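Colleague: I'd like to go over a predicted model; first the sequence, then the structure.
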Amino acid sequence: MLTNDQKFMLAEFVADYNGGDAEDYIDEIDATRDDFSHYENADGWNEWAGRTVDEEYEVPAIYYESVQAVKGQTRSALWVMDFGDVRGIYQF
């Protein structure tokens, strides 16, 4: 479970790349316990493009312009932040 501060930080990260305000994204943020290296390395994904490692935040953060986990699925943008014991995720 993410704290409100963690959700807001991730929402600001999404807004930096996608435009708008953090409040536009905060309700759609999810949490996972998947290891951050899974997202750093795009482990097992069918396809990805446009990876940016963002170092402006106090925690590791990655943005993917387009990811497709499994062939045939829709491609989407993905933002991930590593908060230590949990990762915050936003997918659009």
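Modeller: Here it is on my side, so go on.

Colleague: can you give me the strands in the chain?
Modeller: 30-32, 47-54, 61-68, 76-82, 87-91 (DSSP state E).

Colleague: Could you name the stretch from these that's closest to Gly20?
Modeller: strand 87-91 (12.2 Å; CB to CB). (Glycine included, C-beta is placed from N, CA and C.)

Colleague: roughly how far out does stretch 64-83 sit from the chain middle?
Modeller: Relative to its parent chain, stretch 64-83 has a centroid offset of 8 Å by CA atoms, centre = their mean, to the nearest Å.

Colleague: for stretch 2-15, same thing?
Modeller: That offset, for stretch 2-15, works out to 10 Å (CA atoms, centre = their mean).

Colleague: Can you point out the buried residues in it?
Modeller: Neighbour counts over stretch 2-15 (16 or more other CB atoms under 10 Å) mark 2, 6-15 as buried.

Colleague: what's the answer for stretch 61-69, then?
Modeller: Neighbour count says stretch 61-69 has 61-64, 67 buried, by 16+ other CB under 10 Å.

Colleague: which among the residues you listed gets closest to Gly84?
Modeller: Ala61 (13.2 Å).

Colleague: re earlier: distance to Val80 and pLDDT added to the buried residues of stretch 2-15, as CSV?
Modeller: Shown next, in CSV, are those (distance: CB to CB, whole Å; pLDDT from 0 to 100):
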residue, distance to Val80, pLDDT
Leu2, 12, 96
Gln6, 12, 96
Lys7, 13, 97
Phe8, 16, 96
Met9, 12, 96
Leu10, 8, 97
Ala11, 13, 97
Glu12, 14, 96
Phe13, 9, 96
Val14, 11, 96
Ala15, 15, 96
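
Colleague: what would those look like in CSV with distance to Gly88?
Modeller: Below are the buried residues of stretch 2-15 laid out as CSV (distance: CB to CB, whole Å):
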residue, distance to Gly88
Leu2, 5
Gln6, 6
Lys7, 7
Phe8, 10
Met9, 8
Leu10, 4
Ala11, 9
Glu12, 11
Phe13, 9
Val14, 10
Ala15, 14
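
Colleague: Can you flag which of the residues you listed belong to helices?
Modeller: 6-15 (DSSP state H).
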